[in-house]
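Asks: got a predicted structure here, sequence first:
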Amino acid sequence: MIVKITNEEPLFKWIRSEISNEDTVLDLGCGICNPIKNIKCKHITGVDIFEGYRPLAEKILNEFKVADVTKIDFPDKSFDVILILDLVEHLNYEDAVKLIEKAEKWAKKKVIVFTPIGFLEQNLKKGLDPWGYPNPAQQHLCGFDKEFFIQRGYNITEYPGDKAHNKAYTSMYCIKVIKYVNVTGRI
């Protein structure tokens, strides 16, 4: 299924609507936590490679870890919801695929990914990321097409345009619902 939406605030509301008050959430590549700043959930852990985001992230998250997302690991079914928002395009393709595969194992309920459709070149002005930090990890290294996520069982919502980058491109918001059977045998 592919749906189209037209601006950022509905997207953020939609992400928040996918998370319940009782959910535990892992936000991979959490950055400054803008899309999740108003999420109400039981616990939210953020992981980012860039230490400079810590002061902003710690105001929003229950827990913040500075780590390379390609090297971390968690037990299977550790979190209800895994968020991978604006992250996979910053990894090389092989590492991004491995991270998505791991996230699908770590999630009890769903994995939510937001990424450009295809490769989008990102030129950092004066070496600074969009928030003014000198974060070299912000460079885009790969891109994904819709078919990759559809074949993995994700529903896709298209998100067109980004005036901040002065480019017309389309991103996608992808949700995969994980069928999890708990110890009582209920889904």
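Replies: Thanks, I have the structure now.

Asks: what's the span of stretch 13-29, first residue to last?
Replies: Terminal residues of stretch 13-29 lie 19 Å apart, using CA to CA, to the nearest Å.

Asks: and that stretch, how far out from the chain's middle?
Replies: 10 Å (CA atoms, centre = their mean, to the nearest Å).

Asks: what residues sit buried inside it?
Replies: Buried positions in stretch 13-29, judged by neighbour count with 16 or more other CB atoms under 10 Å: 14-15, 18-19, 23-29. No exception for glycine: its C-beta is placed from N, CA and C like everyone else's.

Asks: mind listing the helices for this protein?
Replies: 8-17, 54-60, 93-106, 146-151 (DSSP state H).

Asks: the third one packs against which elements?
Replies: With contacts defined as 3 or more CB pairs under 8 Å, 6 or more residues apart in numbering; DSSP states H and E, the packing partners of helix 93-106 are strand 24-28, strand 79-85, strand 107-116.

Asks: make it 10 Å
Replies: Applying 3 or more CB pairs under 10 Å, 6 or more residues apart in numbering; DSSP states H and E, one finds that helix 93-106 makes contact with strand 24-28, strand 79-85, strand 107-116, helix 146-151, strand 167-177.

Asks: just send those back as TSV, with mean pLDDT and distance to residue 128 too.
Replies: Converted to TSV, the helices and strands packed on helix 93-106 look like this (pLDDT from 0 to 100; distance: least, CB to CB, whole Å):
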stretch	mean pLDDT	distance to residue 128
strand 24-28	98	22
strand 79-85	97	20
strand 107-116	96	20
helix 146-151	96	30
strand 167-177	79	18
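
Asks: dump the ones you listed into JSON lines; add distance to residue 63 as well.
Replies: As requested, the helices and strands packed on helix 93-106 are arranged in JSON lines below (distance: least, CB to CB, whole Å):
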{"stretch": "strand 24-28", "distance to residue 63": "10"}
{"stretch": "strand 79-85", "distance to residue 63": "11"}
{"stretch": "strand 107-116", "distance to residue 63": "17"}
{"stretch": "helix 146-151", "distance to residue 63": "28"}
{"stretch": "strand 167-177", "distance to residue 63": "24"}
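
Asks: of all those, which lies closest to residue 160?
Replies: Nearest of those to residue 160, taken as CB to CB: strand 167-177 at 4.8 Å.

Asks: paired strands for the closest one, with orientation please.
Replies: Using DSSP bridges, the strands paired with strand 167-177 are strand 107-116 (antiparallel), strand 155-162 (antiparallel).
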